[in-house]
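J.: Next come a sequence and a model predicted from it.
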Amino acid sequence: MEALREAFQHPSFWLLTAGFFVCGFHVAFIMVHLPAFTVDQGLPSWVGPYALSVVGIANIVGTFIAGQSGRFIEKRRGLSLIYFGRAILFLGFLYLPITPVSVIVICGLLGLLWLSTIPLTSGLVATFFGTTWMSMLFGIVFLSHQLGSFLGVWLGGRLYDMTKSYDAMWWISIALGLLAALINWPIQEKPVARLAATSARPVGA
């Protein structure tokens with residue numbers, strides 16, 4: 001309970017959790033609705049699944065790069081750049097000609113930003129609170145991700161049924177990406193006072 005109380009009183013923890021909600025929204029919406037979007041745009045049925053496979057391949061590279069980037073730039077800044085990059089790429093689905101090539105290229109770039117949020121997000125949880133309660137605290141952050149996933153899948157279908165278009169979902173995804181970029185920026189990337197006091201204590205004290 002002390003670990004939960006400490007986390008729930010930590011503003012940066014809530015900012016991180018809110019940002020990860022957006023990650024889930026984006027990922028689940030794309031995974032479930034991209035094939036339907038491409039067919040709706042008049043493309044062959046193979047384009048959506050092929051584009052998702054490109055996302056998966058690029059994701060391996062992007063996740064590795066993001067994990068390594070945490071050694072050179074602040075993790076919060078990396079997260080902000082990832083969410084901002086997603087928002088820019090989503091604009092492509094609204095303003096670029098929708099062809100097999102454009103969809104696959106956008107998805108390849110999107111794959112670099114796909115689950116690259118995970119090493120940075122989990123790294124920030126460890127930075128804040130240490131590793132003792134890491135699984136529980138990151139689990140709470142990940143619950144937010146799953147709630148966002150549910151909303152992304154459900155809202156995508158609901159809005160399409162209402163409007164017969166995915167345009168509204170792309171705009172919502174763009175707005176959420178920009179919001180996530182903003183709320184990750186002010187995160188204080190430093191340990192809580194408990195850990196800071198422990199690290200500052202002289203050896204043997």
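T.: That came through, no problem.
J.: make it CA atoms for all contacts and neighbour counts henceforth
T.: OK.
J.: which residues are contacting whichever strand or helix holds Gln68?
T.: Gln68 belongs to helix 47-69 when elements are defined using DSSP states H and E. Helix 47-69 is contacted by residues 31, 34-39, 75, 78, 100, 103-104, 107-120 when judged by CA atoms under 8 Å, 6 or more residues apart in numbering.
J.: same check, this time on stretch 71-80
T.: In contact with stretch 71-80 (CA under 8 Å, 6+ apart) are residues 66, 69-70, 117, 120-121, 123-124, 180-187, 189.
J.: at 10 Å what do you get?
T.: If you take CA atoms under 10 Å, 6 or more residues apart in numbering as the criterion, stretch 71-80 is touched by 12, 16, 19-20, 66-67, 69-70, 81-82, 84-85, 113, 116-124, 127, 177-189.
J.: How far off centre is that stretch?
T.: Taking CA atoms, centre = their mean, to the nearest Å, one finds stretch 71-80 lying 13 Å from the centre of the chain it belongs to.
J.: So for that stretch, first residue to last residue, what's the gap.
T.: Using CA to CA, to the nearest Å, one end of stretch 71-80 lies 16 Å from the other.
J.: Find the residue at the geometric middle of the chain.
T.: Cys23 (2.8 Å; CA atoms, centre = their mean).
J.: Could you check the pLDDT of it?
T.: On the pLDDT scale, Cys23 is placed at 97.
J.: where does Lys188 land in three-state SS?
T.: Lys isn't right for residue 188; it's Gln. coil (DSSP: H, G, I helix; E, B strand; the rest coil).
J.: how about it, what does it touch?
T.: Contacts of Gln188 (CA under 10 Å, 6+ apart): His10, Pro11, Ser12, Phe13, Leu15, Glu74, Arg76, Leu124, Phe128.
J.: Closest one of those to Ile172?
T.: Leu15 (19.1 Å; CA to CA).
J.: Write the ChimeraX selection for whichever of the contacts of helix 47-69 are buried.
T.: Buried residues among these (16 or more other CA atoms under 10 Å), as a ChimeraX selection:
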select :31,34,35,36,37,38,75,78,100,103,104,107,108,109,110,111,112,113,114,115,116,117,118,119,120
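J.: Low-confidence ranges, the chain, go.
T.: 196-205 (pLDDT under 70).
J.: how about the strands in the protein?
T.: Secondary structure of the chain (DSSP state E): no strands located.
J.: in it, which spans are helices?
T.: 2-8, 11-40, 47-69, 75-95, 100-112, 117-129, 134-163, 167-184, 193-200 (DSSP state H).
J.: Please save the CA atoms from the fifth one in CSV.
T.: This points to helix 100-112. Output in CSV follows, covering the C-alpha atoms of helix 100-112 (Å, rounded to 0.1, in the frame of the first residue of the first chain):
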residue,chain,number,x,y,z
PRO,A,100,-0.6,0.5,-51.6
VAL,A,101,2.8,2.2,-51.6
SER,A,102,1.8,5.2,-49.5
VAL,A,103,0.1,3.0,-46.9
ILE,A,104,3.0,0.6,-46.6
VAL,A,105,5.5,3.4,-46.3
ILE,A,106,3.5,5.2,-43.7
CYS,A,107,3.1,2.0,-41.8
GLY,A,108,6.8,1.3,-42.0
LEU,A,109,7.5,4.6,-40.4
LEU,A,110,4.7,4.1,-37.9
GLY,A,111,6.2,0.8,-36.9
LEU,A,112,9.3,2.6,-35.8
